[in-house]
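Trainee: Got a sequence here, can you model it:
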Amino acid sequence: MTNLPRCTQCGSAYPSVGAPFLCSCGGTFNYLEFPKFALLKNATKRSGIWKYRNMLSLPDDAPEINLGEGGTALVDACYESENVFFKLEYQNPTGSYKDRGSAVLVSFLISRGVNAVVEDSSGNAGASLAAYAARAGLRSRIFVPASASGPKREQIKHFGAELVAVPGPRSAAATAVRAAVSENWIYASHAFMPFGLTGIATIAYELFQELGNKTPGTVIAPVGHGGLLFGIINGFKALRMASVTSCEPFYVGVQAAGCAPIFTAYEKHEITLREPQESDTIAEGVKVSTPIHGSDLLHEVENQRGCFMQVTEEELIQSYNSLSKRGFFVEPTSALPWAAYEKGKGRFPEPVIMILTGAGYKTKSYKK
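Mentor: Numbering: from 1, shown residues only. Now for the predicted structure:
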């Protein structure tokens, strides 16, 4: 492995055996620095995220658990005269950007001899992990809130995972899953396990290349735990560190007003999250009261490098329906960037890239 994560609390390197989701001291693991961007000579012969195999921080002997993830389309939004694009992450195999992270995470877990995984999710991460676990021959058990969308729950079950519906808020599923962790069942958390972040960073590499080896002016993404935006930021940082580009985009993280702990801290000019909040929103993919990467993101957008915005339910539904009328069938969480763009139009450096994270078939329709 080219680059092991380290504990953010005590500084210890990730252990060379096993697959713990926390350090023995109780701290979380993260990468101090992503691998610098450097394409392999045969990269053009490979597809999706695996073009960037050498930047995924996987052991050399790790398998590639591949369902065709990555390589999603970048489409002109055709919006007035502005230079605006959508990155169609819902084109990934299970209909969500989560597949980029799941492919890398499951590949890593196989290299560590894991054969059974548990996870908690509002739906997309669970469906993605269930699919890649099935592809790799792993057993999987997925904990979801009882309120999770029916299509996502069916998708999880269809991949052969054991579905555990937990009554109460999203945080109740996160609590319940801890009781299922054991020597035989590894907690393959998309939030706590850092390995999927290098897969998500490939969005940045693709955007740079799709724009003709140029950096976007702005990237707008939904924020729940924050792994999507944090991975993208680290991807562009890796490009800059390798002197492939001299600049990074302006980053915009978007939360639903019903659950916006990072936005609240940002408005107070704080870099730590203080008051966990969890309310109702149709953007179930970002209904996270205690985001794992919240403080990381607040630190990253300091000094005018980005901002956070919140979107009301009415604005979200309007955005969701507006995207449908333009031909983009997405789940409500994916409509957050478009709503934020409409609110801040004229403020964002161009070209503006909005990440459409999940497919519309995963939830019921919300027509106004």
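
Trainee: can you count the residues close to residue 110?
Mentor: For residue 110, the neighbour count with other CB atoms under 10 Å is 19. Any C-beta I mention is one placed from the backbone N, CA and C, and that applies to glycine too.

Trainee: Now find how far off-centre the helix or strand where it lies is within its chain.
Mentor: Using DSSP states H and E, residue 110 sits within helix 98-111. Chain-centre distance of helix 98-111: 13 Å, with CA atoms, centre = their mean, to the nearest Å.

Trainee: Name the next helix or strand following it along the chain.
Mentor: The helix or strand immediately downstream of helix 98-111 is strand 116-120, counting by DSSP H and E.

Trainee: any idea of the mean pLDDT in that following strand?
Mentor: For strand 116-120, mean pLDDT is 94.

Trainee: Mind listing what's buried along it?
Mentor: Neighbour-count burial for strand 116-120 flags 117-120 (criterion: 16 or more other CB atoms under 10 Å).

Trainee: Would you mind putting those into a markdown table with distance to residue 254 alongside?
Mentor: Output for the buried residues of strand 116-120, formatted as a markdown table (distance: CB to CB, whole Å):
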| residue | distance to residue 254 |
| --- | --- |
| 117 | 30 |
| 118 | 29 |
| 119 | 24 |
| 120 | 23 |
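
Trainee: Pick the one among those residues closest to residue 65.
Mentor: residue 117 (12.1 Å; CB to CB).

Trainee: tell me the contacts of that closest one?
Mentor: The contact partners of residue 117, by CB atoms under 8 Å, 6 or more residues apart in numbering, come to 106, 109, 129, 133, 138-141, 185-188.

Trainee: quick check, nearest of these to residue 316?
Mentor: Distances from residue 316 to the contacts of residue 117, taken as CB to CB, are shortest for residue 129 (26.3 Å).

Trainee: Then the closest one would be within a strand, right?
Mentor: No - under DSSP: H, G, I helix; E, B strand; the rest coil, residue 129 sits outside any strand and is assigned helix.

Trainee: Check what pLDDT it gets.
Mentor: Per-residue pLDDT puts residue 129 at 97.

Trainee: Share the number of residues neighbouring residue 113, please.
Mentor: Close neighbours of residue 113, defined as other CB under 10 Å, add up to 10.

Trainee: now do residue 165
Mentor: As a burial measure, residue 165 scores 14 neighbours (other CB under 10 Å).

Trainee: where exactly do the strands run in the protein?
Mentor: Secondary structure of the chain by DSSP state E: the strands cover 6-7, 29-30, 74-76, 84-88, 116-120, 139-145, 162-166, 186-187, 218-222, 250-256, 306-311, 352-356.

Trainee: export the helix holding residue 110 as PDB, just CAs?
Mentor: Only the C-alpha atoms of helix 98-111 are listed here, as PDB (Å, rounded to 0.1, in the frame of the first residue of the first chain):
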ATOM      1  CA  LYS A  98     -21.200   5.700  -3.400                       C
ATOM      2  CA  ASP A  99     -20.100   2.900  -5.800                       C
ATOM      3  CA  ARG A 100     -16.700   4.700  -6.200                       C
ATOM      4  CA  GLY A 101     -16.000   4.300  -2.500                       C
ATOM      5  CA  SER A 102     -17.500   0.900  -2.100                       C
ATOM      6  CA  ALA A 103     -15.400  -0.600  -4.900                       C
ATOM      7  CA  VAL A 104     -12.200   0.600  -3.200                       C
ATOM      8  CA  LEU A 105     -13.300  -0.300   0.300                       C
ATOM      9  CA  VAL A 106     -14.400  -3.800  -0.600                       C
ATOM     10  CA  SER A 107     -11.200  -4.400  -2.600                       C
ATOM     11  CA  PHE A 108      -9.200  -3.400   0.500                       C
ATOM     12  CA  LEU A 109     -11.300  -5.600   2.800                       C
ATOM     13  CA  ILE A 110     -10.800  -8.600   0.600                       C
ATOM     14  CA  SER A 111      -7.000  -8.000   0.800                       C
END
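
Trainee: what angle do that helix and strand 116-120 make?
Mentor: Per axes from the mean of the first three to the mean of the last three CA atoms, to 10 degrees, the angle that helix 98-111 makes with strand 116-120 is 150 degrees.
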